[in-house]
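Asker: Any chance you can model this:
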Amino acid sequence: MSLGRAVVITCSTRAASGVYPDRAGPLIVEALQAWGFAAEPPVVVPDGPPVGEALRTAIASGAAVVVTTGGTGLSPTDATPEQTAPLLDRLVPGIAEAIRAAGTRAGVPTAILSRGLAGLAGHTLVVNLPGSPGGVRDALAILAEVVPHAVDQVAGGDHRR
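Answerer: Alright, predicted model coming up:
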């Protein structure tokens, strides 16, 4: 039984223009499918306003969860959090904090520089992940235990015992 539909958005000007292939998005799709979500291949968009457009489309489509990868760092073009924030009705800061902590535990001190957000846009859980495949793997280890439960809670489910 599906937990609902999930959308993955890769936020990278270089991947969108074909400079290199999207390596992080497919990892997220594979994980979401393993957790019981229906997920199609990632939507790959350039940094900036196209990220916001893709997020609005995914949220409006009724997706249970939307996961972005990329655009959370400090470079001048990294704007995924700025495109995400106006769409969120409620923040879920513990998710983003746990993702950053997982990166530092994995020996990547620069993980604390990720500005990714997590929160609810209506009934859609939105989570920003870093763009590196390693950062995504670290984050997925955290999200595996949390996302299915969070989506169940958003839909009105009770706490599992």
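
Asker: Run through the neighbouring helices and strands of the top helix by length along the chain.
Answerer: In the chain, with assignment by DSSP state H, the single longest helix is helix 133-154. Counting contacts by 3 or more C-beta pairs under 8 Å, 6 or more residues apart in numbering; DSSP states H and E, helix 133-154 is packed against helix 24-34, strand 65-69, helix 93-105, strand 124-129. For glycine as for every other residue, the C-beta is placed from the backbone atoms N, C-alpha and C.

Asker: From Leu3, how far off is Thr13?
Answerer: 32 Å (C-beta to C-beta, to the nearest Å).

Asker: Tell me which residue is most central in the chain.
Answerer: Val67 (2.4 Å; C-alpha atoms, centre = their mean).

Asker: Return the residues in contact with Val29.
Answerer: Residues in contact with Val29 (C-beta atoms under 8 Å, 6 or more residues apart in numbering) are 6, 8, 39-42.

Asker: how about a cut-off of 10 Å?
Answerer: By C-beta atoms under 10 Å, 6 or more residues apart in numbering, the residues touching Val29 are 6-8, 10, 37, 39-42, 67.
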